[in-house]
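1. any chance you could fold what I've pasted below:
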Amino acid sequence: MTQIVVLPHVELCPDGAVIEADAGQSICEALLANDIELDHACEMSCACTTCHVIVREGFSSLEPAEDTEEDLLDKAWGLEPNSRLGCQALVAGTPLVVEIPKYSINMAKEGHRK
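-> Reported below is the predicted structural model:
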């Protein structure tokens, strides 16, 4: 099991969290399995950017993003050099520190979160 530290997010994880994930599990799957409701509008098929996360520590342990993910990330709100789509970033053996951006395209567009 690999530890993922989730930094506080006002709505999805106000106190932050420390969770465990299996190697090969996506960051999105791990968060959802631990009741952290990360948006994933395309049902984790790499067709949107709603599961965008910023990997603050452990980024180099992830496999490089494929072209499709890179193209989508260009559209993500709050893009940073260590951004990934949570549905595509598979956990390895290195602990991760993950930040969920304040907004996703879904949140800002639909206005369902402040």
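2. quick one: low-confidence parts of this structure?
-> 105-114 (pLDDT under 70).
3. what about the helices in it?
-> Per DSSP state H, the chain carries helices over the ranges 27-33, 67-73, 105-110.
4. go through these and pick out the most buried.
-> helix 27-33 (a mean of 21; mean count of other C-beta atoms under 10 Å). C-betas here are computed from N, CA, C, even on glycine.
5. next, format the helices of the chain as TSV and append distance to Cys87.
-> Shown next, in TSV, are those (distance: least, C-beta to C-beta, whole Å):
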stretch	distance to Cys87
helix 27-33	4
helix 67-73	9
helix 105-110	14
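6. which stretch among the ones you listed comes nearest Glu43?
-> For the helices of the chain, proximity to Glu43 was assessed by C-beta to C-beta; helix 27-33 is nearest, at 10.1 Å.
7. now do the closest one: which elements does it pack against?
-> Applying 3 or more C-beta pairs under 8 Å, 6 or more residues apart in numbering; DSSP states H and E, one finds that helix 27-33 contacts strand 2-6, strand 17-21, strand 52-57, strand 96-99.
8. of all the helices of the chain, which lies closest to Leu96?
-> helix 27-33 (7.3 Å).
9. which residues does that closest one contact?
-> The contact list for helix 27-33, computed with C-beta atoms under 8 Å, 6 or more residues apart in numbering, reads 4, 6, 19-22, 25, 37-38, 40, 44, 51, 53, 55, 84-87, 89-91, 96, 98, 100.
10. His9 contacts Ser104, doesn't it?
-> No - using C-beta atoms under 8 Å, His9 is not in contact with Ser104, being 11.0 Å away.
11. please say which of those two ends up with more neighbours.
-> Ser104 (24 against 18; other C-beta atoms under 10 Å).
12. now do the same contact list for the more buried one.
-> Counted by C-beta under 8 Å, 6+ apart, Ser104 has contacts Asp39, Thr49, Thr50, Cys51, His52, Ala76, Trp77.
13. what would the helices and strands packed on helix 27-33 look like in a markdown table with distance to Glu70 and mean neighbour count?
-> A markdown table is the format used below for those (distance: least, C-beta to C-beta, whole Å; neighbours: other C-beta atoms under 10 Å):
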| stretch | distance to Glu70 | mean neighbour count |
| --- | --- | --- |
| strand 2-6 | 22 | 19 |
| strand 17-21 | 23 | 17 |
| strand 52-57 | 13 | 20 |
| strand 96-99 | 19 | 22 |
